[in-house]
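Trainee: 3D, please:
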Amino acid sequence: MDMSEGHLYIQAQSAVTLYRDILQQVFGQNLRDLLPERVLPIATVAPIDPIALFAEEVEQVKRLLAPGTRRGAEALARLRALAI
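Mentor: All right, here's what the predicted structure looks like:
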């Protein structure tokens, strides 16, 4: 699967947030007590707005599907990543 750095960041951040919530609700533990705070920001580059990220991905798919590019498989991989 091919996905942009911004999209990867959003997926990873969502996973960390979900894990944090489950850990708190089920076990009553705070993720910050188990991991150093410096590792919790999962990227050194701030992500772009999710709507802007989606629009950027759609534009990339359009470029991949332009006539004569023969990059349909790559476009499909990017669309799969957006469907997650």
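
Trainee: What residues of the longest helix belonging to the chain count as buried?
Mentor: Ranked by residue count and defined by DSSP state H, the top helix of the chain is helix 5-27. Buried residues in helix 5-27, counted by 16 or more other CB atoms under 10 Å: 6, 7, 9, 10, 16, 20. All C-beta atoms are positioned from the backbone trio N, CA, C, and that covers glycine.

Trainee: Could you tell me which other helices and strands the very next helix or strand once past that helix packs against?
Mentor: Sequence-wise, the next helix or strand downstream of helix 5-27 (DSSP states H and E) is helix 31-34. If you count contacts as 3 or more CB pairs under 8 Å, 6 or more residues apart in numbering; DSSP states H and E, helix 31-34 packs onto helix 5-27.

Trainee: Let me see the mean pLDDT of the helix it packs on.
Mentor: The pLDDT scores in helix 5-27 average 88.

Trainee: which helices and strands does that helix pack with?
Mentor: The contact analysis (3+ CB pairs under 8 Å, 6+ apart) places helix 5-27 against helix 31-34, helix 50-64.

Trainee: List just the nearest of the buried residues of helix 5-27 to residue 28.
Mentor: residue 20 (12.5 Å; CB to CB).

Trainee: Was I right to think that closest one contacts residue 34?
Mentor: No. Assessed by CB atoms under 8 Å, residue 20 is found out of contact with residue 34, at 9.9 Å.

Trainee: Can you get me the centre-to-centre distance for the longest helix of the chain and its chain?
Mentor: Distance of helix 5-27 from its chain centroid, counting by CA atoms, centre = their mean, to the nearest Å, is 11 Å.
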